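**Q** how would this look folded up:
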Amino acid sequence: MEKLIENHQFATHAIAASASVSLGTALAYPLDTIKTIIQVGSGPSKKLSPSQVVNRVFRFSGYSGLYSGLGWLTLGRISGVGARFGIYEILTAFYKDGRHDNYVQVSEAVLAGMVGGAAETIMTSPFELIKVRQQVTAASRAPNAAAAAETAPVVSPMINKLLRRYTLDVKSLTQTVSLLSVLNHKHPNMAAALQEYPWMMTGTGNPPSAMDVKRPLDVASLEGWRALWRNLRSGLVRDCVYGGVFFGTWQFLHEAMIGWKAVGMNPLPSSEEEVGPLSPIAISIAAGFSGAVAAAASHSFDTARTRAQCVILPKYTAKERKFLKWNKPGKRLERWTGIHPTDRNLLFRGIGIRMARSSVASTIIVGSYYLVVDLLVPK
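**A** Residues are numbered from 1 along each chain as shown. Okay, here's the model as predicted:
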């Protein structure tokens with residue numbers, strides 16, 4: 001390690017990786033925003049098209065709405081993608097140890113990619129949750145904060161402790177009070193009494209929306225720090241499948257390109273080292289194709305995770321479910337992977353957009369990485 005630092009090799013590759021991940025994430029981010037809103041906003045009888053999503057974002061947030069949450073995802077991707085590729089390189093180095101040709105089988109690449117995908121999930125989950133909620137906020141109609149603050153009553157200290165800067169919906173609270181007014185009650189001010197209960201913080205009994213809980217401190221105070229890793233199982237399955245398929249397909253294409261290049265050589269090479277390096281453009285295109293295939297294979301779990309991250313589960317509701325021994329609905333596989341039964345017909349919404357986003361991001365990340373390394377590393 002000291003030798004690497006002295007030769008500036010470690011810092012150079014770290015800078016190249018961070019720059020390439022940031023560039024790939026930024027260029028493909030509008031597609032990610034469209035994909036997220038299609039997944040979250042779709043219903044059994046409601047299917048959003050990319051043009052409808054773009055028009056909605058432009059109407060409520062302008063052009064910058066397509067990049068809402070970009071900073072959070074970039075921070076998560078730098079660490080997550082670094083963990084995925086780093087673990088893959090470590091495991092494949094272990095596989096190649098003792099082999100004279102440094103050969104890696106496709107099955108070994110799949111297993112190494114699955115382990116790297118699991119590490120990526122743990123690293124990026126908090127950033128991804130904040131990113132998803134900010135993307136949903138960009139396509140949502142936000143109330144006039146100034147007007148709402150003038151007409152809203154004073155929020156109780158308990159509610160203010162759970163969710164700071166929250167403005168009570170007076171209209172919803174008034175409707176709830178009018179519905180309960182037909183019952184016999186002894187409290188002189190029912191509206192004030194209802195505000196003392198955290199269950200009525202929105203005035204209707206429903207939890208706040210995702211656009212009200214989009215900051216890390218708000219998530220921690222209302223839902224707890226564990227909520228930053230909400231629905232971790234579906235994320236683990238998604239990224240394990242994605243990592244395994246990505247690296248397995250990439251290794252298969254790498255072997256095919258090596259074999260194609262070796263055909264025209266005379267004499268025929270006996271190992272990959274004799275064939276020589278492949279073109280960076282060919283490697284980048286292969287990475288883009290592998291990303292598209294991996295995105296298609298893991299998309300159903302991505303939809304389940306994205307929709308679950310927009311569900312607000314306050315701490316008091318989680319405690320109630322734990323006390324009542326509440327069982328998750330659905331079949332055993334659905335419960336284990338975090339797929340809600342009502343989302344069965346929605347799991348493949350936005351699959352084309354995600355395949356395009358993954359293909360573009362993978363191509364740019366790999367291509368720009370090779371370009372930066374070629375410019376910075378002395379030959």
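**Q** and Ser359, how far is that from Met123?
**A** 22 Å (Cβ to Cβ, to the nearest Å). Every C-beta, even on glycine, is put in place using the N, C-alpha and C of the backbone.
**Q** what does Leu324 give?
**A** In this view, Leu324 and Met123 are 34 Å apart by Cβ to Cβ.
**Q** try Arg344
**A** The gap separating Arg344 from Met123 is 29 Å, by Cβ to Cβ.
**Q** looking at those two, which has the bigger crowd around it?
**A** Met123 (20 against 14; other Cβ atoms under 10 Å).
**Q** helices or strands up against the one helix or strand that one maps to?
**A** In this assignment (DSSP states H and E), Met123 forms part of helix 106-138. Under the contact criterion of 3 or more Cβ pairs under 8 Å, 6 or more residues apart in numbering; DSSP states H and E, helix 106-138 touches helix 9-41, helix 50-61, helix 70-96, helix 216-222, helix 232-263, helix 280-309.
**Q** compute the inter-axis angle for the last one and helix 9-41.
**A** The one in question is helix 280-309. Taking axes from the mean of the first three to the mean of the last three Cα atoms, to 10 degrees, one finds helix 280-309 and helix 9-41 inclined to each other by 50 degrees.
**Q** next SSE downstream of helix 280-309?
**A** Using DSSP H and E, the helix or strand that follows helix 280-309 towards the C-terminus is helix 315-323.
**Q** what about Asn206, which helix or strand?
**A** Taking DSSP H and E as the definition, Asn206 sits outside all helices and strands.
**Q** which residues are in contact with it?
**A** Asn206 sits next to no residue when contact means Cβ atoms under 8 Å, 6 or more residues apart in numbering.
**Q** and Pro341, by the same measure?
**A** Residues near Pro341 by Cβ under 8 Å, 6+ apart: Pro329, Gly330, Lys331, Glu334.
**Q** mind doing that once more with 10 Å?
**A** Residues near Pro341 by Cβ atoms under 10 Å, 6 or more residues apart in numbering: Lys328, Pro329, Gly330, Lys331, Glu334, Arg335.
**Q** nearest to Arg141, of those?
**A** Distance to Arg141 across the contacts of Pro341 (Cβ to Cβ) is lowest for Pro329, with 30.3 Å.
**Q** what pLDDT is listed against the closest one?
**A** For Pro329, the pLDDT comes out at 83.
**Q** assign a three-state SS to it, would you?
**A** Following DSSP: H, G, I helix; E, B strand; the rest coil, Pro329 is assigned to coil.
**Q** if we can go back for a sec, mind listing what's buried in the helix holding Met123?
**A** Residues 108-138 are the ones in helix 106-138 that count as buried (16 or more other Cβ atoms under 10 Å).
**Q** find the residue at the geometric middle of the protein.
**A** Taking Cα atoms, centre = their mean, the centroid of the chain lies closest to Glu128, which sits 4.1 Å from it.
**Q** quick one: contacts for the closest residue to that one other than its chain neighbours?
**A** Leaving aside its chain neighbours, Glu128 sits nearest to Gly76 (6.0 Å; criterion: Cβ to Cβ, 6 or more residues apart in numbering). For Gly76, the contacting residues are Thr25, Glu120, Met123, Thr124, Ser125, Pro126, Phe127, Glu128, Leu129, Ile130, Lys131, by Cβ under 10 Å, 6+ apart.
**Q** what about the stretch 251-379 of the chain, any weak spots by pLDDT?
**A** For the stretch 251-379 of the chain, the stretches with pLDDT under 70 are 270-271, 377-379.
**Q** the same query, at a cut-off of 90, please.
**A** 255, 257-280, 311-345, 370-379 (pLDDT under 90).
**Q** the stretch 1-150 of the chain too?
**A** For the stretch 1-150 of the chain, the stretches with pLDDT under 90 are 1-18, 41-47, 93, 95-104, 140-150.
**Q** hmm, back to that, show me which pair in the contacts of Pro341 is furthest apart.
**A** Of all pairs in the contacts of Pro341, the most separated under Cβ to Cβ is Lys328 and Lys331 at 10.2 Å.
**Q** give me the common contacts of those two.
**A** Contact with both Lys328 and Lys331 is made by residues Ile339, Pro341, according to Cβ under 10 Å, 6+ apart.
**Q** can you give me the pLDDT of Thr151?
**A** pLDDT, Thr151: 49.
**Q** now swap in the one 4 residues further on and tell me
**A** Confidence at Val155, expressed as pLDDT, is 60.
**Q** how about Gly248?
**A** According to the model, Gly248 scores 96 on pLDDT.
**Q** could you do Asn231 as well?
**A** With respect to pLDDT, Asn231 has a value of 85.
**Q** ok, it touching Ile339?
**A** Yes. The criterion here is Cβ atoms under 10 Å, and Asn231 meets it with Ile339 at 9.4 Å.
**Q** which one's more surrounded, those two?
**A** Applying other Cβ under 10 Å to Asn231 and Ile339 shows that Ile339 carries more neighbours, namely 26 against 23.
**Q** look up how far Ala294 lies from the more buried one.
**A** Distance of Ile339 to Ala294, computed by Cβ to Cβ: 19 Å.
**Q** other residues contacting stretch 265-282?
**A** Here stretch 265-282 makes contact (Cβ under 10 Å, 6+ apart) with 99-104, 253-255, 257-262, 283, 285-286, 363, 366-371, 373-374.
**Q** can you rerun that using 8 Å?
**A** Applying Cβ under 8 Å, 6+ apart, the set of residues contacting stretch 265-282 from outside is 100-103, 254, 257-258, 261-262, 366-367, 370-371, 374.
**Q** try stretch 87-104
**A** Contacts for stretch 87-104 (Cβ under 8 Å, 6+ apart): 105, 108-109, 111-113, 115-116, 119, 243, 247, 251, 270-273.
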